[in-house]
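1. sequence and computational prediction follow.
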Amino acid sequence: MNNENDDLIKCEIREITKQDKEFYENNGYLVLDNILPNKEQVEKLLKRAKDCFNNGFDKGIVPDEVSWRPGLSLDDKTREMVNSWKTDSLMAQLILNQDIGKLACDLLDCNSVLIAQDDIFWKPVNDYPYFECMSKKVLTVWIALTDVSKENGTVEFIEGSHKWNDLPPIDNNNNNNSESYSNNEFHAPVDYLKGLEGAIKYNGFKSIDELTIHPVTVKAGGCSIHHGKLWHGSNSNPSSFKERVSVAIHFAPGDSVFSDTVKPCFSFGRYKIYGSNKLEESFYPITFSKTSYKSPIIIDAVKK
């Protein structure tokens, strides 16, 4: 008789060494090969990730955000889906995996981690580029479901940029003529380096040529991990035949709460409970803790 867990997505993550942690702390990222060793499961995840964009998820719940619609959007447009763990059991098995959670917990050096958000990125040939940074309280595990390299627009990191000075708040009304340090045109920017160039200037660099840019190269099933403040992104996919599909899982410490002073963006604010700053586990599940606790919703989320 097969065990009910036999078909669950399985990860094999090697022990994170002192040298790994030092590299991560100094450079802001770490690359691990083959954390998904079962190639059949990788292919299964790749197919399901694509199916999700065609309403092929099995929970009957609409994703929080989808940037591409079949029959309505251009085929060469970058496709992104937010929080597929809520919509599909197979994607949930990957995103809510406790071994990936432990990896994040070890590098964040905290007692537990929760899922802040996940993203499926489907980068077709000849698509659009971007560059951005996020938050110092976030760590991202970026898992490749296809082979990735500079050849097909892989993610690239600005080494050490997580140590840069925090940027000033953006004045969206431009009342004080402040310079914008972020790229609001994420999916099809006119100038994808706009935000990065502002950050470079703010941190005393004269040009991008002074920076060390690391393009991630891994086979399908490998991953990279990067600090939330690390400037990262990807250029357009120059390949005429080699698409890139990946899943990004954004982790935060399990005791994170909404800010008292900063209003959450729409993606997060829709799940803020009135009168409370708590990140409700039904929407921000804890996938790993040093006490072995996991959010109860995970049990049902990974079931078909």
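-> Everything's here; your move. Numbers count the residues shown, from 1 in each chain.

2. name the SS class of Ile120, please.
-> With DSSP: H, G, I helix; E, B strand; the rest coil as the basis, Ile120 sits in strand.

3. list the contacts for it?
-> Residues near Ile120 by Cβ atoms under 8 Å, 6 or more residues apart in numbering: Ala49, Cys52, Phe53, Arg79, Glu80, Met81, Ser84, Met91, Val245, Ser246, Val247. (Each C-beta comes from the backbone N, C-alpha and C, glycine too.)

4. counting neighbours, what do you get for the third one?
-> Residues near Phe53, counting by other Cβ atoms under 10 Å, number 21.

5. cool, and Asp255?
-> Asp255 has 12 neighbours, counted by other Cβ under 10 Å.

6. please apply the same query to Leu196.
-> Residues contacting Leu196 under the criterion other Cβ under 10 Å number 24.

7. who are the packing partners of whichever strand or helix holds it?
-> Using DSSP states H and E, Leu196 sits within helix 194-202. Other elements packing on helix 194-202 under the criterion 3 or more Cβ pairs under 8 Å, 6 or more residues apart in numbering; DSSP states H and E are strand 130-132.

8. the helices in the protein, which residues?
-> Assigned by DSSP state H, the helices in the chain fall at 18-27, 39-52, 89-95, 98-108, 194-202, 266-269, 297-301.

9. quick one: closest of those to Asn277.
-> helix 266-269 (11.6 Å; Cβ to Cβ).

10. in that closest one, which residues are buried?
-> For helix 266-269, the neighbour count (16 or more other Cβ atoms under 10 Å) marks Phe268 as buried.

11. need the residues that contact it.
-> By Cβ under 8 Å, 6+ apart, helix 266-269 touches Asp64, Glu65, Val82, Ala116, Gln117, Phe258, Lys263.

12. which ones are touching the fifth one?
-> By Cβ under 8 Å, 6+ apart, the residues touching Gln117 are Val82, Asn83, His250, Ser267, Phe268.

13. quick check: beta-bridge partners of it?
-> For Gln117, the beta-bridge assignment (DSSP bridges) gives partners His250.

14. and it, how far is that from Gly71?
-> 27 Å (Cβ to Cβ, to the nearest Å).

15. one more: Ser234?
-> Counting by Cβ to Cβ - Ser234 and Gly71 are separated by 26 Å.

16. neighbour-wise, which of those two wins?
-> Ser234 (25 against 5).

17. you'd agree the more buried one is up against Phe157?
-> No: using Cβ atoms under 8 Å as the test, Ser234 is too far from Phe157 to be in contact (10.2 Å).

18. distance check, the residue lying closest to Val66 once chain neighbours are set aside against Gln41.
-> Residue nearest to Val66 in three dimensions, not counting chain neighbours: Met81, with 5.1 Å by Cβ to Cβ, 6 or more residues apart in numbering. Using Cβ to Cβ, Met81 is found at 19 Å from Gln41.

19. cool, Leu139 as well?
-> Distance from Leu139 to Gln41, by Cβ to Cβ: 24 Å.

20. hang on, the earlier thing: turn the contacts of Ile120 into JSON lines, including distance to Ser112 and pLDDT.
-> Putting those into JSON lines (distance: Cβ to Cβ, whole Å; pLDDT from 0 to 100) gives the following:
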{"residue": "Ala49", "distance to Ser112": "27", "pLDDT": "96"}
{"residue": "Cys52", "distance to Ser112": "28", "pLDDT": "94"}
{"residue": "Phe53", "distance to Ser112": "32", "pLDDT": "92"}
{"residue": "Arg79", "distance to Ser112": "32", "pLDDT": "88"}
{"residue": "Glu80", "distance to Ser112": "27", "pLDDT": "91"}
{"residue": "Met81", "distance to Ser112": "26", "pLDDT": "94"}
{"residue": "Ser84", "distance to Ser112": "22", "pLDDT": "97"}
{"residue": "Met91", "distance to Ser112": "22", "pLDDT": "97"}
{"residue": "Val245", "distance to Ser112": "29", "pLDDT": "94"}
{"residue": "Ser246", "distance to Ser112": "25", "pLDDT": "95"}
{"residue": "Val247", "distance to Ser112": "21", "pLDDT": "97"}
